[in-house]
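S.K.: Next one to model:
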Amino acid sequence: MYAFLVLTTPQCYQMVLKTYSGKHESAYDSEKKAFSGLKLNKSVPIVGYLGCYTHEYGEGPDAGKTYNLLLEWGERDLYEAWEDEKNVPPVRAEEIILFWKSLFEIADAIRHIHNLEVRRVKGKSLMFNG
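M.R.: As a prediction, this is how the structure comes out:
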């Protein structure tokens, strides 16, 4: 359905190019709308949306279009962290506190997504509570 490509600029900023083929335009549109509605907030651990574009390729009956999202690079996702064999349950008090702090960061990210405020041009805001 889509492909990932990791891009690195000369300043070593890594980005991901997520590409959808033409027949998956609706999935692309849904994800683009979801990312567009999120404010980039460095204190909330959500991959940032940097932009999007479409690209036409080929000629004749083989011509097609790709739909592309440019996203911030994320080191690992939650499933990878939980699958890591070196990731053992916390034992000492300090480890337990750090574990719960990092888990609450995920809860903060979810709260950020489910309580979205979109500012309008005329000063009124729309609130979306999920």
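S.K.: Can you give me the domain boundaries for this structure?
M.R.: Annotated domains of the chain cover 1-75, 86-130 [automatic domain parsing].
S.K.: Give me the mean pLDDT for the shortest one.
M.R.: Meaning domain 86-130. Across domain 86-130, the average pLDDT comes to 74.
S.K.: again, but for the longest one
M.R.: Per-residue confidence for domain 1-75 averages out to 77 on the pLDDT scale.
S.K.: mind saving the C-alpha coords of stretch 66-77 as CSV?
M.R.: Presented in CSV, the C-alpha positions along stretch 66-77 are these (Å, rounded to 0.1, in the frame of the first residue of the first chain):
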residue,chain,number,x,y,z
THR,A,66,1.9,8.6,-6.2
TYR,A,67,0.8,10.4,-3.1
ASN,A,68,3.5,11.3,-0.7
LEU,A,69,3.7,12.4,3.0
LEU,A,70,6.9,13.9,4.4
LEU,A,71,7.2,13.0,8.1
GLU,A,72,9.6,13.5,10.9
TRP,A,73,11.8,10.4,11.5
GLY,A,74,11.0,8.4,14.6
GLU,A,75,13.6,6.1,16.1
ARG,A,76,11.3,3.4,17.3
ASP,A,77,7.6,2.8,17.6
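S.K.: Buried residues of that stretch, list them for me.
M.R.: 66-71 (16 or more other C-beta atoms under 10 Å). Placement of C-beta: from N, CA and C, glycine included.
S.K.: As a markdown table, the residues you listed with distance to I97 and secondary structure would be great.
M.R.: What follows is those, written out as a markdown table (distance: C-beta to C-beta, whole Å; DSSP: H, G, I helix; E, B strand; the rest coil):
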| residue | distance to I97 | secondary structure |
| --- | --- | --- |
| T66 | 46 | strand |
| Y67 | 43 | strand |
| N68 | 41 | strand |
| L69 | 36 | strand |
| L70 | 36 | strand |
| L71 | 31 | strand |
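S.K.: Next, the contact list for F104, please.
M.R.: Listed by C-beta atoms under 8 Å, 6 or more residues apart in numbering, F104 has no contact partners.
S.K.: The chain should start at 33 in everything you say after this.
M.R.: Shifting the count to begin at 33 puts that one at F136.
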